[in-house]
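# Return atomic coordinates for the entry below.
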Amino acid sequence: MKRFLAAAGTALALTVAGPALAQDLAGTYQTQLNDDGNFAHVRFAPCGQAWCGTMVRSFNRQGQPIESPHTGRALVWDMVPAGGGAYKSGKIWDPGADKTYRSKMQLEGNMLKVSGCIGPICKSQSWKKVN
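A predicted model of the protein is given here:
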C-alpha cells in the first residue's frame with residue numbers, strides 16, 4: 001500500500017508540474033521568413049498545464065523592427081509536454097493565411113521544429129531560440 005501511495009503521489013506531482021518540467025522551452029524563438037519576407041519573435045511561457053507562444057516583435061528581411069497588428073497575439077497555444085522535447089495537442093495560427101492548424105513541436109537544442117496540419121495539409125518550420 002505504501003508503494004502505491006508513493007507512486008500515486010509521484011504521478012500527481014509530475015502531472016501538476018508538467019510545464020515546469022519543460023522549462024527548456026521557455027524563451028523567445030525567431031520564426032522563418034513568411035511569404036512577405038518578414039519574420040517574428042515568439043515568446044513561449046506556461047499557460048495553465050500547457051505552453052503558449054505569443055508574438056512579441058516583427059522584423060523585415062533586413063532584421064529591422066516593423067509594426068504588426070499581430071504583436072501581443074497568441075500564435076501557439078495548448079502545447080502539452082510529451083517527453084523528450086516533444087509537445088503535442090496544440091494549435092498554431094498562421095497570420096498570413098488566417099488559418100488555425102492542429103500542431104505539435106519538437107525541441108532539439110536551440111531549434112524548435114513547429115508543424116501544423118488541417119486535414120492532410122501540413123506545414124512546418126524550424127524556429128531558432130534567440131534568448
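
# What segments of this protein are strands?
Per DSSP state E, the chain carries strands over the ranges 27-30, 39-47, 50-59, 65-66, 74-83, 86-94, 99-108, 111-118, 121-129.

# For this protein, name the helix or strand with the lowest mean pLDDT.
Every helix and strand of the chain was ranked by mean pLDDT, DSSP states H and E. The lowest is helix 2-16, at a mean of 41.

# So, low pLDDT: which residues of the chain?
For the chain, residues meeting the criterion pLDDT under 70 lie at 1-23.

# cutoff 50 now
1-18, 20-22 (pLDDT under 50).

# Show me what W127 bridges to in the sheet.
Listed by DSSP bridges, the beta-bridge partners for W127 are L112.

# Throw the strands of the chain into TSV and include mean neighbour count, thanks.
Using the backbone N, CA and C atoms, a C-beta is placed for each residue, glycine as well. Converted to TSV, the strands of the chain look like this (neighbours: other CB atoms under 10 Å):
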stretch	mean neighbour count
strand 27-30	20
strand 39-47	19
strand 50-59	20
strand 65-66	12
strand 74-83	19
strand 86-94	18
strand 99-108	18
strand 111-118	18
strand 121-129	15
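
# List the contacts of stretch 38-53.
15-16, 18-20, 22, 25-34, 54-61, 66, 68, 70, 74-81, 87, 89-90, 127, 130 (CB atoms under 8 Å, 6 or more residues apart in numbering).

# same thing but at 7 Å, please
With CB atoms under 7 Å, 6 or more residues apart in numbering as the contact definition, stretch 38-53 has outside contacts at 18-19, 22, 25-33, 54-61, 66, 74-80, 87, 127, 130.

# And that stretch, how far out from the chain middle?
Centroid separation for stretch 38-53 versus its chain: 5 Å, with CA atoms, centre = their mean, to the nearest Å.

# Tabulate the CA atom coordinates of it in PDB.
In PDB, the C-alpha atoms belonging to stretch 38-53 read as follows (Å, rounded to 0.1, in the frame of the first residue of the first chain):
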ATOM      1  CA  ASN A  38       9.200  39.200 -42.700                       C
ATOM      2  CA  PHE A  39       9.900  37.200 -39.500                       C
ATOM      3  CA  ALA A  40       8.700  37.300 -35.900                       C
ATOM      4  CA  HIS A  41       9.900  36.600 -32.400                       C
ATOM      5  CA  VAL A  42       7.600  34.300 -30.500                       C
ATOM      6  CA  ARG A  43       7.900  34.100 -26.700                       C
ATOM      7  CA  PHE A  44       6.900  30.700 -25.000                       C
ATOM      8  CA  ALA A  45       5.700  30.500 -21.500                       C
ATOM      9  CA  PRO A  46       3.500  28.200 -19.400                       C
ATOM     10  CA  CYS A  47      -0.300  28.800 -19.700                       C
ATOM     11  CA  GLY A  48      -2.100  26.500 -17.300                       C
ATOM     12  CA  GLN A  49      -0.900  23.000 -17.700                       C
ATOM     13  CA  ALA A  50       0.300  23.600 -21.300                       C
ATOM     14  CA  TRP A  51       2.600  26.100 -23.200                       C
ATOM     15  CA  CYS A  52       1.700  29.100 -25.300                       C
ATOM     16  CA  GLY A  53       3.700  31.300 -27.700                       C
END
